[in-house]
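> Need a 3D model of the following:
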Amino acid sequence: MVRLRTLMADNSVSAAGGGGAGTGSYTYSAWSGTDGLTGSAPSTTKKYTTGGTKTAAITVTSAGLTKVATCSIVVQPIADLIVTPP
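Numbers count the residues shown, from 1 in each chain. Modelled structure (predicted):
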């Protein structure tokens, strides 16, 4: 299972993978995704500075079986604030 938490652009997005069934240990070998998302632990954090649809994938191995779980998230851009003097 991959869970993502969403925030506005210029904030960090955390991704966490975890085994939900089966026995034995799990090896988290690689996070990959949009805008350079990387990691090799069960969770990773990425700060996106632009809006748009972002993707994340993690490769998990247990008992000789490998599974890739993927998900996507929509990051909302931060609106520019324009102040016009009176």
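
> Which parts of the protein are strands?
2-4, 11-17, 27-33, 38-39, 43-48, 52-62, 65-75 (DSSP state E).

> Buried by neighbour count: which residues of the fifth one qualify?
Applying a neighbour-count criterion of 16 or more other Cβ atoms under 10 Å, the buried positions in strand 43-48 are 44, 46, 48. No exception for glycine: its C-beta is placed from N, CA and C like everyone else's.

> right, and Asp10 touches Thr50 too?
No: contact between Asp10 and Thr50 fails when scored by Cβ atoms under 8 Å: they sit 9.1 Å apart.

> what bits of the protein have low per-residue confidence?
1-8, 11-13, 18-23, 79-83 (pLDDT under 70).

> picking that back up, any chance of JSON lines for the buried residues of strand 43-48, columns distance to Ser32?
Putting the buried residues of strand 43-48 into JSON lines (distance: Cβ to Cβ, whole Å) gives the following:
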{"residue": "Thr44", "distance to Ser32": "10"}
{"residue": "Lys46", "distance to Ser32": "11"}
{"residue": "Tyr48", "distance to Ser32": "15"}
